[in-house]
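*Asks:* Have a look at this prediction, sequence included:
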Amino acid sequence: MPSDDLQLLQGTLDVLVLKTLSWGPRHGYEIARWIKDTTDAELRVEDRALYVSLHRMEERGWLESDWGLTENNRKAKYYRMTREGRRQLATKTNTWSRYAAAVFKVLETI
C-alpha cells in the first residue's frame, strides 16, 4: 500500500461500521464496500480489522447478527444495529465531530 494512503485512526472503524449499518443490515463485504465507495476509495477496511470490530461490537451488544443469503445466493452473516448501537453511534458521532473540528482549528492556523 502506498505511504500516502489514508489509514483508519484507532477508534474510527467502529463509528464507520455503525454509520454503515444505520442504513440497514449488511454483511461484512457490503460494509467494507460501502465505506470504500462512500469515501471514493480513500478508506479501505481490511477484512481482519472489520471482523474484529464486528465481533467486538456484537459482544458489547451494539450489533446483532443472523445468517442469510447474499444477492449471489451465498451464505453470509448479516449485522444490524441494536438500540444500544444507535445510542453509541450518536455518542461517537458527536465525539468524532468535536475531535475533527479541534484538529481543523489547529491545521487552519497561519
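*Replies:* Received the coordinates, thanks.
*Asks:* rest of the way, CA atoms for contacts and neighbours
*Replies:* Noted.
*Asks:* neighbours around the residue nearest to residue 79 when sequence neighbours are not counted, how many?
*Replies:* Sequence neighbours aside, residue 65 is the residue nearest to residue 79 in space, at 4.4 Å (criterion: Cα to Cα, 6 or more residues apart in numbering). Neighbour count of residue 65, defined by other Cα atoms under 10 Å: 18.
*Asks:* Could you tell me whether residue 65 really is in a strand?
*Replies:* Yes - remark: residue 65 belongs to a strand, assigned using DSSP: H, G, I helix; E, B strand; the rest coil.
*Asks:* ok, now which ones touch it?
*Replies:* Contacts here follow Cα atoms under 8 Å, 6 or more residues apart in numbering; on that basis residue 65 touches 58, 77, 78, 79, 80.
*Asks:* In a markdown table: those, plus pLDDT, neighbour count and secondary structure.
*Replies:* Shown next, in a markdown table, are the contacts of residue 65 (pLDDT from 0 to 100; neighbours: other Cα atoms under 10 Å; DSSP: H, G, I helix; E, B strand; the rest coil):
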| residue | pLDDT | neighbour count | secondary structure |
| --- | --- | --- | --- |
| 58 | 97 | 18 | helix |
| 77 | 97 | 16 | strand |
| 78 | 98 | 22 | strand |
| 79 | 98 | 23 | strand |
| 80 | 98 | 21 | strand |
